[in-house]
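S.K.: got a predicted structure plus its sequence, pasted below:
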Amino acid sequence: MTDRAPTTSVVLADGVVWPEDAIEVGRIIDAWGVKGGIKVLPFSSDPQALFCTKKWFVQPAEITGTVVSRPASTGASVSALPRLTQPRLLKVKQAREQGDVIVATIDDFEDRNSAEMLKGARVFVSRSAFPTPDNDEFYWVDLMGLTVVNRQGETLGTVFDLLDTGPHCVLRLKAEDHTERMIPFVSAYIDSVSLADRRIVADWGLDY
């Protein structure tokens with residue numbers, strides 16, 4: 001799943017304001033090449049959010065406020081170089097897919113040593129920059145917190161997580177009594193999704 005950044009406004013060193021709708025979309029796992037490139041592990045199998053804007057906002061991994069959803073896994077050795085200590089804006093020159101990662105070059109990062117300072121940093125993109133999805137498609141982050149009811153009007157719970165099983169996604173719900181339900185996010189069970197009403201209607205029983 002993706003995570004939202006802390007809602008507290010942060011003014012970066014260059015005067016840029018951290019966007020209130022920033023969504024965590026990946027993690028910088030290593031430097032790439034010798035000319036300041038970086039490798040980013042995206043949190044989605046379709047990482048279009050990383051290509052839709054040239055402005056990536058980054059935070060050091062140790063900054064708290066949201067739960068890191070997916071740890072970076074890399075075989076790179078531990079470096080003694082300094083790490084990123086403050087949130088900042090990265091201006092992307094070029095970015096492309098390379099296997100399971102995104103490789104990118106960034107303004108003001110001209111060598112491998114400077115790029116290695118970003119290892120472990122969390123990458124955020126403004127939600128307003130995301131591409132517009134098709135009518136029957138939804139971003140995971142937009143489904144978080146939606147109330148799910150069945151055709152009888154009974155409340156099944158609130159979406160708190162989503163699982164990607166490969167063929168389809170599964171909604172994880174938490175009910176008022178803290179019990180959990182899982183409902184496949186497919187048309188066979190999902191009747192409608194209203195982001196405006198923050199409501200999902202599902203063909204699902206309380207006893208399922």
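M.R.: Done, it's in. Numbering: from 1, shown residues only.

S.K.: got the buried residues for stretch 128-140?
M.R.: Within stretch 128-140, the residues scored as buried using 16 or more other Cβ atoms under 10 Å are 130, 138-140. C-beta: built from backbone N, CA, C; applies to glycine.

S.K.: nope, stretch 197-208 is what I meant
M.R.: If you call a residue buried by 16+ other Cβ under 10 Å, then stretch 197-208 has these buried ones: 200-202, 204.

S.K.: ditto for stretch 158-175
M.R.: Residues of stretch 158-175 classed as buried by neighbour count (16+ other Cβ under 10 Å): 158-159, 161-162, 169, 171-173.

S.K.: again, but for stretch 188-195
M.R.: Under the neighbour-count criterion of 16+ other Cβ under 10 Å, stretch 188-195 has 190, 193 buried.

S.K.: and if you look at stretch 103-116?
M.R.: Quick answer for stretch 103-116 (16+ other Cβ under 10 Å): 103-106, 109, 112, 114-116.

S.K.: quick one, what contacts A196?
M.R.: A196 makes no contacts at all, as judged by Cβ atoms under 8 Å, 6 or more residues apart in numbering.

S.K.: same check on the one 10 residues further on?
M.R.: Contact criterion Cβ under 8 Å, 6+ apart gives 150, 154, 156 as the residues in contact with L206.

S.K.: re earlier: just the closest of the buried residues of stretch 158-175 to T53, please.
M.R.: The nearest member of these to T53, counting by Cβ to Cβ, is L162 at 23.2 Å.

S.K.: related to what we said a few turns ago, the buried residues of stretch 158-175 in strands, which ones?
M.R.: Residues of these located in strands (DSSP state E): 158-159, 161-162, 169, 171-173.

S.K.: strands of this protein, start to end?
M.R.: 3-4, 22-32, 37-42, 55-59, 88-98, 101-106, 122-126, 147-150, 155-164, 169-174, 180-184, 190-194, 199-202.

S.K.: and the third one, what does it pack against?
M.R.: Counting contacts by 3 or more Cβ pairs under 8 Å, 6 or more residues apart in numbering; DSSP states H and E, strand 37-42 is packed against strand 22-32, strand 101-106.
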